[in-house]
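Novice: I need the structure of the sequence given here:
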Amino acid sequence: MKIAAMAAGAVGSYFGGRMQAAGHDVAYIARRAHLDALRKDGLKIQSTHGDLHLPKVNATPDPKEVGPVDIVLFAVKLWDTETAAELAKPLVGPDTRVITLQNGVDSYERVSAILGKDVTIPGTAYIAAVLGGPGVMLHTSKFATMRCGTIDGRPDAKLNAFVEAAKAANIDIQPQDDMNRERWQKFIFLSSMAGMNCMTRQPIGKVLADPDTRAFYKRLMQECLAVGQKSGAKVPSSWVDDRMTFSDNAPPGMKASMLHDLEAGNRLELDWLTGKVVSLGRELGVPTPASEAVYAAVKLHRMGKQ
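Specialist: Below you'll find the predicted structure:
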């Protein structure tokens, strides 16, 4: 298959690299030092599932140089969504599928408004990953899962072909028949962990080890769950306890990507994570005092060190 990683950050590099290693034609959309490193030394993935070095990769800053592909792995930062979707237009033909693998809960709506509902597929990625430097991707978790499906649950032959190709590449990919529930389930966990990580400046293990921060973390998930259920997402109330158990069994040093960005002085996805919980809560009449506290505590850092 012909695949484009838009863009070749940690998520795009990992799944794109695994697909290229399995023999697929992958183009990596990248910029600046990362682009230079990919062109010079290729892509290096350091992973708990086995290291990988692809010495020759097709890296470019311009999607026009790639043209229409079968699959776009759409994994840009949330503030870049509309800009990147416009730039991705040359990658999209009538048979293309654009899989949104971002952290937020509304990426499908934002991307499909620009690229079209027929080609846009909501997806989620569960992976602890960060760029370790130009051309180097660090994967530190035992899990690296992709989930995807049409927003209305209808079968899609093009998406099914990608799912089978990804399985053959030993990627843990799980098709879903209710992607609205799935994206909310990830959002409840991810937005809460990211907010807690950034407010405390600590990884999940230290958050869980203290009874006060542990209770506050659970409260963030409960608020997000209430907002999701009020919006119509069919997420079971037991999901919070499920994610607490998952967190207890995760590597204690695990951090959400937003904390990595905070530590590096980069711009944060706060407004599309905790901020989204707060704004939707106000819109739907759901109280979110814990989320409001996190948003206020982290807000002054959200634009990074500019």
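
Novice: please enumerate the helices of the stretch 1-150 of the chain.
Specialist: Remark: helices assigned in the stretch 1-150 of the chain by DSSP state H, counting those that start in this stretch are 10-21, 32-41, 81-87, 107-115.

Novice: ok, and for the third one, which residues are buried?
Specialist: By that I understand helix 81-87. For helix 81-87, burial by neighbour count (16 or more other Cβ atoms under 10 Å) applies to T81, A84, A85, L87. (Each C-beta comes from the backbone N, C-alpha and C, glycine too.)

Novice: measure the third one to T120 for me?
Specialist: In this case it means A85. 9 Å (Cβ to Cβ, to the nearest Å).

Novice: equivalent analysis for the second one, please.
Specialist: With distances taken as Cβ to Cβ, A84 is found 13 Å from T120.

Novice: ok, now the last one?
Specialist: Spatial separation of L87 from T120 under the definition Cβ to Cβ is 15 Å.

Novice: same check, this time on the first one
Specialist: Taking Cβ to Cβ as the measure, T81 and T120 are separated by 12 Å.

Novice: who touches both of those two?
Specialist: V111 (Cβ atoms under 8 Å, 6 or more residues apart in numbering).

Novice: tell me the mean pLDDT for the helix or strand containing M193?
Specialist: Using DSSP states H and E, M193 falls within helix 179-200. In this model, helix 179-200 carries a mean pLDDT of 98.

Novice: now the strands for the protein?
Specialist: Using DSSP state E, the strands of the chain run over residues 2-6, 25-29, 43-47, 52-54, 58-60, 71-74, 97-100, 120-133, 136-148, 172-175.

Novice: just the ones you listed: most buried one?
Specialist: Of all the strands of the chain, strand 71-74 has the most neighbours on average by mean count of other Cβ atoms under 10 Å, namely a mean of 29.

Novice: which other helices and strands does that one contact?
Specialist: On a contact count with 3 or more Cβ pairs under 8 Å, 6 or more residues apart in numbering; DSSP states H and E, strand 71-74 meets strand 2-6, helix 10-21, strand 97-100.

Novice: list the contacts of T288.
Specialist: When contacts are counted by Cβ under 8 Å, 6+ apart, T288 touches E223, C224, V227, V277, V278, G281, R282.

Novice: outline the domain layout of the protein.
Specialist: 2-177, 181-301 (automatic domain parsing).

Novice: next, the distance between the ends of the longest one.
Specialist: Spelled out, that is domain 2-177. Domain 2-177 has an end-to-end distance of 25 Å (Cα to Cα, to the nearest Å).

Novice: what about it, distance to the chain center?
Specialist: On the basis of Cα atoms, centre = their mean, to the nearest Å, domain 2-177 is displaced by 10 Å from the centre of the chain it belongs to.

Novice: same check, this time on stretch 292-305
Specialist: Averaged C-alpha coordinates place stretch 292-305 at 20 Å from its chain's average position (Cα atoms, centre = their mean).

Novice: begin at 49 from now on, thanks
Specialist: All right, first residue 49 from here; so that's stretch 340-353.

Novice: from one end of that stretch to the other, what's the distance?
Specialist: Stretch 340-353: ends 23 Å apart by Cα to Cα.

Novice: which residues are contacting that stretch?
Specialist: Contacting residues not belonging to stretch 340-353 are listed as 243-244, 246-247, 268, 309-310, 313-316, 318-319, 322-323, 326 [Cβ under 8 Å, 6+ apart].

Novice: so which of these are in helices?
Specialist: Residues from the contacts of stretch 340-353 lying in helices, with DSSP state H as the criterion: G243, M244, C246, M247, L268, D309, L310, T322, G323, V326.

Novice: got TSV for these, with neighbour count and distance to Q224 too?
Specialist: Converted to TSV, the ones in helices among the contacts of stretch 340-353 look like this (neighbours: other Cβ atoms under 10 Å; distance: Cβ to Cβ, whole Å):
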residue	neighbour count	distance to Q224
G243	29	25
M244	28	26
C246	25	28
M247	22	31
L268	26	24
D309	22	28
L310	22	31
T322	34	25
G323	21	26
V326	22	27
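
Novice: export those residues as a markdown table, with columns for distance to T172.
Specialist: Below are those laid out as a markdown table (distance: Cβ to Cβ, whole Å):
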| residue | distance to T172 |
| --- | --- |
| G243 | 18 |
| M244 | 20 |
| C246 | 21 |
| M247 | 24 |
| L268 | 19 |
| D309 | 19 |
| L310 | 22 |
| T322 | 18 |
| G323 | 19 |
| V326 | 22 |
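
Novice: rewinding a little: which one of the helices and strands packed on strand 119-122 lies nearest to T108?
Specialist: Closest approach to T108 among the helices and strands packed on strand 119-122 (Cβ to Cβ): strand 50-54, 9.5 Å.
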